[in-house]
Structure formats: C-alpha cells, structure tokens
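*Asks:* missing the sequence, but the structure's below:
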C-alpha cells in the first residue's frame, strides 16, 4: 500500500482524512447530512492559510471526510481497511443516539480510534436521546453517548467519567447549523464565534441576495406583465393600462403608423386598384361583375355604376380617365336597359336576369353621375347637359322606393308596407343626397327638397341605431332575418360623419361615442375577419303588376368602410377635443387597416367580385394624398 494522501494544508503526513464519521445504520440520514455539510463548507477566506491552535494550516475546505459505507463498498478486508481509515483520520465524529449506544460496530470504532492515543479528538454529534441518561434509574434506554466516549482511563488505568466534546443537533439545543459549526471549529482549531459570525454574515448576505433576486424577478415579472397588457393580452387592469399608454403615446408593442406613412401607402394601393379596375373594362365599355375572365359578361348596372363611382372618387384619377368614365355612364340609359311600365320609371333590375327592380342600382348611378358632374368629367356644355338629364331620369326612377311623408327609403318598389324601410337603401340615399349637395345639384329640380330628404334620411338612420346591442350597431336585415351588421354599421358611421361635416347635422352622443370604440376594435382583425350579410324581403307589386314576396341578399364588407370611417373621424373637427387615447386608438386602427392589411386586401379584392375592389378603392380615397 502506497503512502496515504494528506489532507490539504495538514502538517501531519500520517493523516489522509480530516474526520471519520462513526454511526449506526439507523442514523444513516444524519451521517449523510453531516458528511455533505462538512465537505461542502467553505472556510472563511480570512482564515484560509493561517495556523490554527492545533498548528495545522487551515484549508479552504474540510475534505475529505471518511464515511465507511461510502468509502469501503465492495471491500474484502473490511476490518483491516476500517482500522487503517481510523488511523488516517485526524478526528472521529460519532453520531450519538440510543442506536449508536446499542451498536457494537460504533463502540469498536471508538475504541480503536482511542487506542491510537486520540481520546481528545473524539467529537460527539447528539441527534437523539439524552446524554448520561444511564446515570438515572429507569432512563438507560434514552442514553445517547456510547460508553467509550463517556469514560476515560486515568494514568493508573482506572475508568473515570469524561465529558466529551459534543455538539447537540436536537431542536431546542444547538440545532443543526450551530452543531455543524461547532464540529468545524473543533476540526479547524478556531473559535466557534468566528465561524458563527461568518455564518450569520453569510446568511445575511444570502437573504440580501434572495431579496434582491426576488425584487429583480418581481420587477421583471411586472415588466413582462405590463408588456403583455400593452400587447393586448387580457388581464386585470389591462384596458386602463392601455388607455394610459395611448394617452401618453407610450405603447411599445402596439405601434401607430405615422400619418404620412399611411397616406403614402393608401396612394399606392389606390393607384394599383384603379389600374386593375380600368384594365377589367369590357370591350363594350361595361365594367364587369368579376375579375374572373371566364365569367359570362353581363350588363350589371349595380356593379357598373358602383365601380365608376369608386374610380371617380380616387384622387389619382386623371382628367382623361374622368372623361372616359363620364362617357361610359351613358350605358345604363341605352334603349331597353332602364325599366319603365305604365309611364312609371322603375330604374333597373336588381341583377341581370332577375325579375324585380331594386333601388340600389339607381342610387349608385346617382352617386356616380353626381361625382362626375362635380369633378367636371363632362367636358362640354352639351355633354354636361346630357349628364344632368341622366341624373334627373335616375332621380325620377326612385319614386317607387320612397313614400311621401316617411323618412326612410325602401329597397323594393311598391311595397305593400311602405313604412318597412331599409337601412342599406337609406344609407345609399343619404350618400347620394350628400354627393348632390357637394356638387350643388338639386333633387328633382329643387335644392330645398334635396336638403329635406337629406335631413330626413339622416334622422331615420339615427333613430334606427340599436344602442342596446353589444357593440351598438344597425340591423342589416330589418325585413327578414334581423341580424346586426358590422360592415353596414361602419358604412353608416362614415355617412353620418359626412352629414355632420357637409350638412351641419348633429350626430347624437351615443352614436358619436360608439364610433371610436368600434374603430379601435378593428385593430385586432385580420383580412379574414368575417363579412356580415343581410337577408331582405318584402311583399311588392312589381313593374309588371305582379304581386309576390321579393327577396334580396347583400354582403356588407367591413374593411373598406372601416378605412373610410376612421379617416373621416380623424378629420372631424370635434375629434381634436377627443381624449388623446381615442385618437391614438383610431390612428392605430387606420394604420393597421391600410399598411398591415393593405397588401392582403388588394390581393383579396382583385381576385373575385369587382365590387370588393370598388369599395376598397373608395374607402382608401377618404385618406388625403401625401403632401
């Protein structure tokens, strides 16, 4: 067997271990704890390298410490190796309990260690029982100190009572921490108070570090929570916090695109949509129902007039394009296209091939003609006069859809219940009347009658607003399914804002307050947000004198009208006095609709029905071109 290793910093080369832990297998948990506690303890830096009372150089750690069941697993010479390990150990630590008192194995290890003349290097760790209980009648079973540590032979060889070095780990005594420090102080040859003070400082700074870490984690957690709230995730106080950020323009995760950036993006999209719509024009001059080249060409007055109106609305439309659009506005008035019967003008069929007429094609036609006349699209007095005749004809054709003494407008002609008005038809009528007012054009020869109808249409829409709904809105299918419509509501909001600006009509407070709230919700939408529809029906007598229930289904887009409404609300004079967080929320929504969803909206609107692109173009036209 080679020369044994020496504990680091130890002056005696005969020692390999700082300590030998002796214990009963019933106290193995305590032995494992002590073994780890001793070997992992870091000696105070100011003591390392100095000489102790025992003259050894104090090391950084008390390592190694012997624990027989770890060190001698699989040994074939157990007793021989145990004796050698005891001989190579500077101290013997005895785990003291009634179990160790009953263990011959522990007794043998103590006696062997003391036989080397090291009785003063035995340290007791009391974990259970009572020391010297055997001195009391009837308490012997509680004894925790093995007999070899309780006695010592004097110079004459007589056994006498001894008081061993002991640390008491029991509750109410030293406790585990102080017991560990007492054992370490004995092994290192230093004062217990030195280690105790150092341990208290270590605990203090550990608490400081833990408190600091908890504060940092709490701070980071708060920051992450606030960032989550800023991003729009629901949580307590989320809405109020987002309002606070918007009020101070402080949001990090909900960007607001700059006005110039939005205007530039809108101009690009308008140019692309205008080019796409103009390219789709058929050889006959009619604007098609669909971008699908395989679709059957049809003379759809509704789509033709609506698309022309959208192209006329775009600020990028050139003078040549305006004149061309004015020239194709005559197509709905070609012989055989308008419907007349019994001297009454009915306008146009709802769709090509259908049997009944509808107010919608005529209203879109008024819109396109009014805008063309306002923009000077008719270049000569003769052409302008012709445009005015078409406009007058179209206004006359709406008589079957508007009953005297009522405020709203009907979708179908000659309804049996004339008061069964339609929100969509009334919205288009208000749009048409506002366009006439902007162009200083009359309604059937009377400016006064135009203004009366404008005000009554506005009033009917205002009184039809369902403020109790969540969110508040207008019903799309008042004649049949009666379902609230998001897209129609946004379209009406924009028209009421127009009426406020161009006709001086006052929007009631419940509607005024609902507009920015509704727009703010649009910031959370994708282009795939569902499109709402309306189902309409009414008992009518058509132009052929036939009586039946007419039906019509209409889809109400939300994206174009949200852009239109947001741009008009932000331009509204009263908006300047609105809370800052409201303006920021609507600005954010507008930027999202135009910039974030713009490309997807373009692709979607130019891959199917033409009216989607037309309405998108009109919505974008509410945003002024960049300066």
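*Replies:* Yep, it's here. The structure presented is a predicted model; accordingly, all values stated were derived computationally and were not measured. Numbering: from 1, shown residues only.
*Asks:* so where's the stretch 201-350 of the chain uncertain?
*Replies:* Scanning the stretch 201-350 of the chain for pLDDT under 70 picks out the ranges 294-297.
*Asks:* what about the helices in the stretch 351-500 of the chain?
*Replies:* Counting by DSSP state H, counting those that start in this stretch, one finds helices in the stretch 351-500 of the chain at the ranges 359-374, 381-397, 423-438, 447-463, 486-503.
*Asks:* tell me which of the ones you listed is the most buried.
*Replies:* Across those, averaging neighbours per residue (mean count of other Cβ atoms under 10 Å) puts helix 359-374 on top, at a mean of 26. (C-beta placed from N, C-alpha, C; glycine too.)
*Asks:* just checking, what packs against it?
*Replies:* Applying 3 or more Cβ pairs under 8 Å, 6 or more residues apart in numbering; DSSP states H and E, we find helix 359-374 packed against helix 301-313, helix 319-328, strand 344-349, helix 381-397, helix 423-438.
*Asks:* what residues of the second one count as buried?
*Replies:* Taking 16 or more other Cβ atoms under 10 Å as the neighbour-count basis, helix 319-328 is seen to contain the buried residues 321, 322, 324, 325, 326, 328.
*Asks:* what's near enough to touch the fourth one?
*Replies:* Which is residue 325. The neighbours of residue 325, taking Cβ atoms under 8 Å, 6 or more residues apart in numbering as the test, are 308, 311, 312, 317, 368, 372, 377.
*Asks:* my guess is the second one meets residue 321, correct?
*Replies:* Just to be clear, that refers to residue 311. Yes. Taking Cβ atoms under 8 Å as the definition, residue 311 is a contact partner of residue 321 at 6.9 Å.
*Asks:* anything in contact with each of those two?
*Replies:* Common neighbours of residue 311 and residue 321, using Cβ under 8 Å, 6+ apart, are 274, 278.
*Asks:* now name the helix or strand holding the residue in the chain sticking out farthest from the centre.
*Replies:* Residue farthest from the centre of the chain, counting by Cα atoms, centre = their mean, is residue 156 at 87.4 Å. Take DSSP states H and E as the rule and residue 156 turns out to sit in neither a helix nor a strand.
*Asks:* ok, back up a step: in TSV, list the helices of the stretch 351-500 of the chain along with distance to residue 599 and mean pLDDT.
*Replies:* Listed next are the helices of the stretch 351-500 of the chain as TSV, based on distance: least, Cβ to Cβ, whole Å; pLDDT from 0 to 100:
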stretch	distance to residue 599	mean pLDDT
helix 359-374	28	98
helix 381-397	37	97
helix 423-438	28	97
helix 447-463	33	96
helix 486-503	21	96
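*Asks:* how much space separates residue 315 from residue 625?
*Replies:* From residue 315 over to residue 625 the distance is 5 Å, taken as Cβ to Cβ, to the nearest Å.
*Asks:* what pLDDT does the model give residue 484?
*Replies:* On pLDDT, residue 484 comes in at 66.
*Asks:* likewise residue 141?
*Replies:* For residue 141, the model assigns a pLDDT of 81.
*Asks:* contact partners for it?
*Replies:* The contact partners of residue 141, taken as Cβ under 8 Å, 6+ apart, are 98, 133.
*Asks:* quick one: it from residue 129, how far?
*Replies:* Taking Cβ to Cβ as the measure, residue 141 falls 8 Å from residue 129.
*Asks:* what's the answer for residue 26, then?
*Replies:* Using Cβ to Cβ, we find residue 26 at a distance of 12 Å from residue 129.
*Asks:* neighbour count for the two, which is higher?
*Replies:* Remark: of residue 26 and residue 129, residue 129 carries more neighbours, 19 against 15, as counted by other Cβ atoms under 10 Å.
*Asks:* from residue 177, how far out is that one?
*Replies:* Distance from residue 129 to residue 177, by Cβ to Cβ: 21 Å.
*Asks:* residue 450 too?
*Replies:* Computed as Cβ to Cβ, the residue 450 to residue 177 distance reads 94 Å.
*Asks:* which neighbouring elements make contact with whichever strand or helix holds residue 79?
*Replies:* Taking DSSP H and E as the definition, one finds residue 79 inside helix 78-87. Other elements packing on helix 78-87 under the criterion 3+ Cβ pairs under 8 Å, 6+ apart are strand 17-22, helix 68-71, helix 104-114.
*Asks:* now, of these, which is deepest in the fold?
*Replies:* Scoring the helices and strands packed on helix 78-87 by mean count of other Cβ under 10 Å, the most buried comes out as strand 17-22, with a mean of 27.
*Asks:* outside of it itself, list whatever touches it.
*Replies:* 7, 10, 31, 34-35, 38, 62-68, 85-86, 88-95, 100, 106, 109-110, 113, 123, 183, 187.
*Asks:* show me how to select, in PyMOL, the buried members of these.
*Replies:* The buried residues among those can be selected in PyMOL (16+ other Cβ under 10 Å) with this line:
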select buried, resi 7+10+31+34+35+38+62+64+65+66+67+68+85+86+88+89+90+91+92+93+94+95+100+106+109+110+113+123+183+187
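*Asks:* phi, psi for the closest residue to residue 60 other than its chain neighbours please.
*Replies:* Computed as Cβ to Cβ, 6 or more residues apart in numbering, the closest residue to residue 60 that is not its neighbour in sequence is residue 48, at 5.2 Å. Main-chain torsions, residue 48, degrees, to the nearest 10: phi -60, psi 130.
*Asks:* any idea how far residue 152 is from residue 48?
*Replies:* Using Cβ to Cβ, one obtains 34 Å as the distance from residue 48 to residue 152.
*Asks:* could you do residue 291 as well?
*Replies:* Going from residue 291 to residue 152 by Cβ to Cβ gives 108 Å.
*Asks:* ok, residue 391 next?
*Replies:* Noted for residue 391: a distance of 127 Å to residue 152, by Cβ to Cβ.
*Asks:* and residue 151, bridged to which residues?
*Replies:* residue 161 (DSSP bridges).
*Asks:* I'd guessed it sits against residue 163; true?
*Replies:* No. Residue 151 lies out of contact with residue 163 (Cβ under 8 Å); the separation is 10.7 Å.
*Asks:* looking only at neighbour counts, state which of these two leads.
*Replies:* More neighbours surround residue 151 than the other of residue 151 and residue 163, with 15 against 11 (other Cβ under 10 Å).
*Asks:* kind regards, and thank you for your time.
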